[in-house]
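Trainee: Okay, structure incoming, though there's no sequence with it:
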């Protein structure tokens, strides 16, 4: 997900997207731990997406 994609979203959409990404991160971590998922890079991509969403939320609040 690119930062430019987040520019058009409302605060409520960003919050919902953040929740979904956090759930996805937990599921991916468990999948990697149980060796169901081999793509370790996916965890860092999700974490960066969460950081982008949080940054955009902070900008929307101000």
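Mentor: Ah, there it is. Owing to the predicted nature of the structure, the values given are computational and were not obtained by experimental measurement. Numbering: from 1, shown residues only.

Trainee: When you work out contacts or count neighbours from here on, use the C-alpha atoms and nothing else.
Mentor: Noted.

Trainee: Give the rounded mean pLDDT of stretch 26-38.
Mentor: The predicted model gives stretch 26-38 an average pLDDT of 92.

Trainee: Could you list the buried residues of it?
Mentor: 28-29 (16 or more other CA atoms under 10 Å).

Trainee: residues in contact with it?
Mentor: Residues lying outside stretch 26-38 but in contact with it, judged by CA atoms under 8 Å, 6 or more residues apart in numbering, are 39-40, 42-43.

Trainee: Out of these, which is nearest to residue 53?
Mentor: residue 43 (15.5 Å; CA to CA).

Trainee: need the contact list for residue 1.
Mentor: Residue 1 makes contact with residue 49, according to CA under 8 Å, 6+ apart.

Trainee: okay, it: pLDDT?
Mentor: Confidence score, pLDDT, at residue 1: 76.

Trainee: May I ask which of the contacts of stretch 26-38 has the most neighbours?
Mentor: The member of those surrounded by the most neighbours (other CA atoms under 10 Å) is residue 43, with 17 neighbours in all.

Trainee: What strand or helix carries it?
Mentor: Secondary structure from DSSP states H and E places residue 43 in helix 41-61.
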